[in-house]
Structures are given as C-alpha cells and as structure tokens.
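>>> predicted coordinates and the sequence they were generated for:
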Amino acid sequence: MKKTTVLRKAIMERRAVVVPGCHDALSAKIIEKCGFEAIQVSGFGLAGSLLAKPDVGLVQMKDVLDLTWNIVQAVNIPVMADVDTGGGNAINAAWVTERVITMGAAGLNIEDQVFPKRCGHMAGKEVIPAEEMVGKIKACARVRDRLDPDFIINARTDVFAVAGLDEAIRRCNLYLEAGADLAFIDGIKSRADIERAIKEIKGPLSVNLMDAVSGVKTELIPIPELARMGVGRVSIPVASIMVMHKALMEFFTALKNSPTGILAGQTQWLSSFEEFTTFVGLKEYRKLEEEYLPKEKLECKYK
C-alpha cells in the first residue's frame, strides 16, 4: 500500500492518529523505531536545528525541501511535510506541492499566516484573507489530484488567536471545500473548543498537543479521549528538538563542571558507539562493501 494511502486511511478513520514532529532524519528514524505510524516534519524543529533560530520564517524553502527529502528517505512510514505558507502565492504553493509529492512525502501542512510566518504558539501572528488561502489550496489540490489523489493536504488556520473560534471554523470549512483533506486550528484552547470544532467542521480535524508534556496554548487531552471525540490527527511537533536541547545542555554542562573534564563510567548520558552505529546502519554498509568492493581492496582497508 502506498504511504499516502496508509496516511489517508489512518486520518479518515478519525482515531486521533499520533504524528510526532521530527527536526532531522535521525529524529525521524528514532520516532519510527519507537513505533509511531507517521511523522510530521517540524518547521519549528528545522529552524532550531539548522539555524539555531526561532521559527519566524528564516528557513529558506530550498532548505525545507532538501531537509524534507532527507527525512522521507530515512524512514519507511508516511511523512508529512511542513511548507509553512507555501513559499509565496498560489502558484508557488502549487510548485512546492509538486516537489513534495514527487519526493515521496505523504502529505503537507500549509497555513494562512502572512509571510514571514511564525510558530503558531507565538504572539504576533497575522493571517491572509481567507479567499487568498482558498486559492492556494485549490492550486495545491489540482496538483494532488493529478499526481496522487491520496496525498493529504492539511489546511492550517492561525486565525483563532486573531479573531476567535467562529472565524477559525468558517475558514476550515472554506479550506475543506476548496480541496483540503484535513483542517487544523492552531492555538485552539480548550476541550470545549475542540468538541465544537469537530461538530461543526465538515471534515477531519487535526489537533496540536505541541510537546505532549506542557499545555502551552492547547489543553492537554489524553489521546484515547481525542480518538473518542473523533479527532483525525494529533501532532506533537516540537518534542524532538526540545528533548535534544535539554539532553545536550545537561550533558555538556555536566562535562564542563566535572573536576576531571570527563564523565568516566556515566553511561546513562549516551548510547554506546556500537549502539549508535548499528542504529544508523553501519553494518549494512559493511555488507555492501563485502559484496561490491574488490577482495584485495577490502583486505587492505580492514587489515
């Protein structure tokens, strides 16, 4: 079964399929190894890992596409791209959609913020007119229908913080009517808001639990409850980059403060060299060398 078909089926079942965010190919591979069904590329994570900058529209679209390609190639489960505002107008968004589909992604998020955009849980957001976003979605949907009808277009609105839930629901329905498959109200607050959105939106709803630990803008609700409510997808977009930041800060702080300058025997800090190289496939590449390199070359290389 195609990855797009797998993702579409999971979302349309409205069982709150969990799609964690990754910030690079390694974090994607780890998420897959831990048993999740699909992965979301995190724009917040890309900005943090690539540039060590906040998610305020600084990452170039070429870098987004290149990094997304790396992530798609690293895993065997569906990957949803994050194309922010689509790289410009409807024409740009259609071109980006074609690129994302042809690289093997299973879906994308596109949002109605003004460029330069920012993380949905930051203050100071602005949105474009709904009619302009409708044009972007129609253009993306035409590309989807031509290349892979199962590809998922997740239409995100950031209008909740600007104009409230009524306008967010109105926009979601406009975007679904224009050809989106999934609607996402970023920064939605409460259980009651989510329940109302599910009731009034004419398609599956995506809910963002941010890091699955702290509420930030949206109330933390257990996944089984969201499934019972009929949520289509649950994204946990920033956990990977936040976990990495905390782990690196704690390790290098301990290393710097160690009287000996080392942490001998404290194996709790990290994977072993063998564990990590096995995880990233070193043994498989060694087998390829044995299969394809001349015997005398191998003997010289590994003597």
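Nice, I can see it.
>>> gap between stretch 186-204 and the chain center?
Between the centre of stretch 186-204 and the centre of its chain there are 20 Å (Cα atoms, centre = their mean, to the nearest Å).
>>> so what's residue 51 up against?
58-59 (Cβ atoms under 8 Å, 6 or more residues apart in numbering). No exception for glycine: its C-beta is placed from N, CA and C like everyone else's.
>>> any idea how far residue 45 is from it?
11 Å (Cβ to Cβ, to the nearest Å).
>>> show me where the stretch 101-250 of the chain has helices.
130-147, 160-163, 165-178, 191-200, 223-229, 239-257 (DSSP state H, counting those that start in this stretch).
>>> Throw those helices into TSV and include mean pLDDT, thanks.
TSV is the format used below for the helices of the stretch 101-250 of the chain (pLDDT from 0 to 100):
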stretch	mean pLDDT
helix 130-147	98
helix 160-163	92
helix 165-178	98
helix 191-200	97
helix 223-229	98
helix 239-257	98
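>>> can I get those helices in TSV including distance to residue 275 and mean neighbour count?
Putting these into TSV (distance: least, Cβ to Cβ, whole Å; neighbours: other Cβ atoms under 10 Å) gives the following:
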stretch	distance to residue 275	mean neighbour count
helix 130-147	39	19
helix 160-163	43	18
helix 165-178	44	20
helix 191-200	40	16
helix 223-229	29	16
helix 239-257	15	14
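>>> let me have these in JSON lines, extended by distance to residue 300.
Converted to JSON lines, the helices of the stretch 101-250 of the chain look like this (distance: least, Cβ to Cβ, whole Å):
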{"stretch": "helix 130-147", "distance to residue 300": "48"}
{"stretch": "helix 160-163", "distance to residue 300": "63"}
{"stretch": "helix 165-178", "distance to residue 300": "61"}
{"stretch": "helix 191-200", "distance to residue 300": "63"}
{"stretch": "helix 223-229", "distance to residue 300": "54"}
{"stretch": "helix 239-257", "distance to residue 300": "37"}
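>>> what's the closest of those helices to residue 121?
Residue 121 lies closest to helix 160-163 among the helices of the stretch 101-250 of the chain, at 9.0 Å (Cβ to Cβ).
>>> which residues does that closest one contact?
Contacts for helix 160-163 (Cβ under 8 Å, 6+ apart): 123, 125-127, 167-168, 185-189.
>>> kindly recompute the last result at 10 Å.
The contact list for helix 160-163, computed with Cβ atoms under 10 Å, 6 or more residues apart in numbering, reads 113, 120-127, 157, 166-171, 185-189, 193, 197, 217-218.
>>> try stretch 190-197
By Cβ under 10 Å, 6+ apart, the list of residues contacting stretch 190-197 from outside reads 160, 164-166, 168-169, 172, 183-185, 187-188, 205, 207, 218-221, 225-226, 229-231.
>>> send the alpha carbons of it over as PDB?
Coordinates of each C-alpha in stretch 190-197 appear next as PDB, following Å, rounded to 0.1, in the frame of the first residue of the first chain:
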ATOM      1  CA  SER A 190     -10.000  24.100  25.400                       C
ATOM      2  CA  ARG A 191     -11.700  20.700  25.200                       C
ATOM      3  CA  ALA A 192     -15.000  22.500  24.600                       C
ATOM      4  CA  ASP A 193     -13.400  24.400  21.700                       C
ATOM      5  CA  ILE A 194     -12.200  21.100  20.200                       C
ATOM      6  CA  GLU A 195     -15.500  19.400  20.700                       C
ATOM      7  CA  ARG A 196     -17.300  22.300  18.900                       C
ATOM      8  CA  ALA A 197     -14.800  22.300  16.100                       C
END
